[in-house]
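**Q** Sequence first, then the predicted structure:
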Amino acid sequence: MSGTGPVVSEVVSRRDLKEFVELAYRLYAGDGSWVPPLRSDVRWMLDTGKNPFWKHASRKLFLARRGERVVGRIAAIVDPEHNKVHQDRTAFFGFFECEDDPEAARLLLDGAEKAVREMLPGCDKLRGPLNPSMNDEVGALVPAESDPGPPVLMMTYNPAYYLDLFAGAGFAKEKDVVAILAPASDHAFARLSRIADAARRRDPKISTRMIRMDRFAEELDVVKRLYNGAWEKNWGFVPMTSEEIDAMAKKLKPILYPPYVWFAEVDGTPAAFLLGIPDFNQVLIKLGGSLFPFGWLKFLRERKKIDRVRCMAFGVLPEYRKKGLDAILYHVSMNEGIKAGAKTVEFSWMLEDNASILRPLEVFGGKVYRRYRLVCRPVPSSA
């Protein structure tokens, strides 16, 4: 690009932070597939005093400018808990947004690398994008291998050229996570129903129940045990702290639809859970990133038209696997979806090589329809 070369600087002022947040709204203006997140949510995610993730992690934010124009942004992230769990020296980048400007992108990524070397001496790998962790928004959309259209709630979206920007800065694919789309129909779930019934007959001690919203704190304690216990061996997974799960629950509680949240018990002991949520991105896309001054009216009106569900969390404790609990929970939850008028269900996200999860979803017509890529670059031992 001609003109003034890009300059990268750290976010140090309230004005810088505002420019960091606002960049995405400018870059995606006119893109009908981008869902503007609520600005308050973006600020909360970045706030080291409010988001409990930052109690065990640290970050530095950077902006790239050409003259007075902000052309890109990035966060450099270090999470000691990740390195403790996985016994490595990996750091992360996230919240990446950039114009189609390879020079600015390379400077941003180089700046993030320099920052994580300072925050994590001995760091040997930079991985991303994560916003800000594997428990949040993960990966860059691979447009060439994904169906078009807006993402579902809490999934990412980006222009196709982002992967070229990463490659041009020396990053290569490390792992893909995928989303599966399935039709919500009586026909699609007929076979699933038979599988679920067979699993119940094999083990009469299996029971299911819907979340009890009047005992929400108790239910949340169960989720904490199941979530971290079920996922502990997954690639890249770091157990969420009690505060992080509390914060996630507080954010999701106003939009939960109880018939999409189920627990499975074996002989009265919690063994698995499934969390589905209505795809409120179908509403957010019409709000422009703010509930004010009239966003609440749109929110209340449009929420009744949601016809897509995201199954965003599912976990079975290791000792209860291969009992068909997945089929049972999918069945009871998606039956409720059909009653509520849901037309499609997205299961997201799953590791691309997790065959034990991917294969069962094909039973009732699910197919991988979107792919999100995590890239990495070695960090040299010396600057």
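**A** Noted; the coordinates are in hand.
**Q** Find the residue closest to residue 245 in space, skipping its chain neighbours.
**A** Leaving aside its chain neighbours, residue 245 sits nearest to residue 224 (5.2 Å; criterion: CB to CB, 6 or more residues apart in numbering). C-beta coordinates here come from the backbone N, C-alpha and C atoms, glycine included.
**Q** Pretty sure that neighbour sits in a helix.
**A** Yes: secondary structure of residue 224 (DSSP: H, G, I helix; E, B strand; the rest coil): part of a helix.
**Q** Quick check: it vs residue 263, distance?
**A** Using CB to CB, to the nearest Å, residue 224 is found at 13 Å from residue 263.
**Q** give me the low-pLDDT residue ranges for the stretch 201-350 of the chain?
**A** Where the stretch 201-350 of the chain drops to pLDDT under 70, the residues are 289-300, 302.
**Q** so the residue nearest to residue 245 touches residue 242, yeah?
**A** Yes: when contacts are counted by CB atoms under 8 Å, residue 224 is listed as touching residue 242 (6.1 Å).
**Q** what about these two, which has more around it?
**A** residue 224 (18 against 13; other CB atoms under 10 Å).
**Q** tell me which residues in the strand or helix carrying residue 245 are buried?
**A** Using DSSP states H and E, the element containing residue 245 is helix 242-252. Buried residues in helix 242-252, counting neighbours by 16 or more other CB atoms under 10 Å, are found at 244-245, 247-249, 252.
**Q** how close does the residue nearest to residue 320 when sequence neighbours are not counted get to residue 260?
**A** Nearest residue to residue 320, sequence neighbours excluded (CB to CB, 6+ apart): residue 271, at 3.9 Å. Per CB to CB, residue 271 is found 19 Å from residue 260.
**Q** Give the other helices and strands that the one helix or strand residue 73 maps to contacts.
**A** Assigned by DSSP H and E, residue 73 belongs to strand 69-78. Helices and strands touching strand 69-78, by 3 or more CB pairs under 8 Å, 6 or more residues apart in numbering; DSSP states H and E, are helix 14-27, strand 58-66, strand 90-98, helix 102-119.
**Q** Can I get the helix or strand immediately after that strand in the chain in CSV? Just the C-alpha atoms.
**A** Downstream of strand 69-78, the first helix or strand assigned by DSSP H and E is helix 80-86. The C-alpha coordinates for helix 80-86 follow below in CSV (Å, rounded to 0.1, in the frame of the first residue of the first chain):
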residue,chain,number,x,y,z
PRO,A,80,-0.2,-19.5,32.8
GLU,A,81,-3.0,-22.0,33.5
HIS,A,82,-2.8,-23.2,30.0
ASN,A,83,0.9,-23.9,30.2
LYS,A,84,0.4,-25.6,33.6
VAL,A,85,-2.3,-27.9,32.2
HIS,A,86,-0.5,-28.7,29.0
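**Q** Can you list the helices and strands that helix 80-86 packs against?
**A** Helices and strands touching helix 80-86, by 3+ CB pairs under 8 Å, 6+ apart, are strand 90-98.
**Q** Next, the angle strand 58-66 makes with the strand it packs on.
**A** 30 degrees (axes from the mean of the first three to the mean of the last three CA atoms, to 10 degrees).
**Q** list the buried ones in stretch 102-117?
**A** Residues 102-117 are the ones in stretch 102-117 that count as buried (16+ other CB under 10 Å).
**Q** same deal with stretch 359-374?
**A** 360-361, 363-366, 368-374.
**Q** Please apply the same query to stretch 172-182.
**A** By neighbour count with 16+ other CB under 10 Å, stretch 172-182 contains the buried residues 174-182.
**Q** Using CSV, write down the CA coordinates of that stretch.
**A** Extracted C-alpha coordinates of stretch 172-182, given in CSV (Å, rounded to 0.1, in the frame of the first residue of the first chain):
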residue,chain,number,x,y,z
ALA,A,172,0.6,-22.1,9.6
LYS,A,173,-2.5,-24.3,10.4
GLU,A,174,-2.3,-26.0,13.8
LYS,A,175,-5.8,-27.3,14.3
ASP,A,176,-9.3,-26.7,12.9
VAL,A,177,-12.5,-26.8,14.9
VAL,A,178,-15.8,-27.4,13.1
ALA,A,179,-19.5,-26.7,13.3
ILE,A,180,-22.1,-29.2,12.3
LEU,A,181,-25.5,-28.2,11.0
ALA,A,182,-28.5,-30.6,11.3
